[in-house]
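Participant: Sequence and computational prediction follow.
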Amino acid sequence: MSDVTAVILCGGLGTRLRPAVSDVPKCLAEVNGKPFIFYILDQLVEAKIQHVILSIGYKGYMICDVIGFSYKNLMITYSTDIVTNGGTGAALRSALKYIDRPTVLIMNGDTYIDFKIFDFLYGYQVQYGNTGFVLNVYDGIISMGMYLIHREFIQKYIPLDMPYSLEQSFLNDVYEYGVVPYIINRPFIDIGTPEAYAKAGEFMGSFTG
């Protein structure tokens with residue numbers, strides 16, 4: 001997918017997880033012998049994404065040290081949020097200058113969904129939705145915080161140097177241009193709490209061997 005840049009949001013403080021993981025950012029928490037974010041990067045490799053931006057914050061230098069500037073066939077760029085505690089939207093807005101493709105895939109660095117990202121990319125293209133988002137019905141109806149949007153919408157709708165929440169504001173702001181849910185029924189894990197993190201090894205082992 002040469003026309004898609006991926007942005008992984010991995011700058012959170014991870015305060016809930018600190019009783020279990022206190023020395024590294026959430027996305028570097030070890031699961032079955034490797035940092036959690038590597039599983040997400042492998043999904044992007046499988047989807048033939050070529051460029052990913054890691055939006056970093058808390059102990060971001062550790063992420064740079066561990067991952068570097070390439071992973072398999074991925075080129076990796078780093079972006080630091082210019083708004084303190086600005087939320088997911090502010091982090092994405094800070095990454096805008098590094099986004100070099102017309103379409104942007106947005107993901108969270110602490111969540112893994114057992115599905116093919118390529119199918120989401122293809123579904124977005126054939127349905128002609130200006131904004132796509134993953135809606136999972138596996139355990140209730142849950143938005144997975146994964147979006148496909150036009151690059152220009154980031155500049156138009158997310159204010160510069162101000163807090164902004166993708167989850168609370170973005171879909172409403174772009175609704176008039178078309179919002180298409182990509183509905184899945186697949187297992188997922190969010191390692192943001194010690195209880196969920198304790199289950200991550202078994203969960204990831206069941207899908208990734």
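Facilitator: Arrived safely, thanks for sending.
Participant: in the protein, which spans are strands?
Facilitator: 4-10, 30-31, 34-35, 51-56, 70-71, 74-80, 103-108, 111-113, 131-136, 142-150, 179-184, 188-190 (DSSP state E).
Participant: need those strands in CSV with distance to Ser165 and mean neighbour count, can you?
Facilitator: Bear in mind the C-beta positions are built from the backbone N, C-alpha and C, glycine included. Below are the strands of the chain laid out as CSV (distance: least, CB to CB, whole Å; neighbours: other CB atoms under 10 Å):
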stretch, distance to Ser165, mean neighbour count
strand 4-10, 12, 25
strand 30-31, 27, 18
strand 34-35, 26, 18
strand 51-56, 14, 24
strand 70-71, 29, 13
strand 74-80, 18, 17
strand 103-108, 13, 22
strand 111-113, 16, 23
strand 131-136, 14, 21
strand 142-150, 11, 20
strand 179-184, 16, 17
strand 188-190, 17, 18
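Participant: could I get these as JSON lines with distance to Lys97 and mean pLDDT?
Facilitator: Shown next, in JSON lines, are these (distance: least, CB to CB, whole Å; pLDDT from 0 to 100):
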{"stretch": "strand 4-10", "distance to Lys97": "12", "mean pLDDT": "95"}
{"stretch": "strand 30-31", "distance to Lys97": "32", "mean pLDDT": "93"}
{"stretch": "strand 34-35", "distance to Lys97": "26", "mean pLDDT": "94"}
{"stretch": "strand 51-56", "distance to Lys97": "10", "mean pLDDT": "96"}
{"stretch": "strand 70-71", "distance to Lys97": "20", "mean pLDDT": "96"}
{"stretch": "strand 74-80", "distance to Lys97": "8", "mean pLDDT": "96"}
{"stretch": "strand 103-108", "distance to Lys97": "13", "mean pLDDT": "95"}
{"stretch": "strand 111-113", "distance to Lys97": "25", "mean pLDDT": "94"}
{"stretch": "strand 131-136", "distance to Lys97": "21", "mean pLDDT": "94"}
{"stretch": "strand 142-150", "distance to Lys97": "16", "mean pLDDT": "92"}
{"stretch": "strand 179-184", "distance to Lys97": "26", "mean pLDDT": "92"}
{"stretch": "strand 188-190", "distance to Lys97": "29", "mean pLDDT": "92"}
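Participant: between those, which one is nearest to Asp23?
Facilitator: strand 30-31 (10.4 Å; CB to CB).
Participant: so what strands line up beside that closest one?
Facilitator: Partners of strand 30-31 in the sheet, by DSSP bridges, are strand 34-35 (antiparallel).
Participant: Tell me which residues are up against the strand it pairs with.
Facilitator: Contacts with strand 34-35, where a contact means CB atoms under 8 Å, 6 or more residues apart in numbering, come from 24, 27-29, 66-67.
Participant: Specify which member of those residues is nearest to Leu105.
Facilitator: The nearest one, if we look at the contacts of strand 34-35 relative to Leu105 and count by CB to CB, is Cys27, at 16.3 Å.
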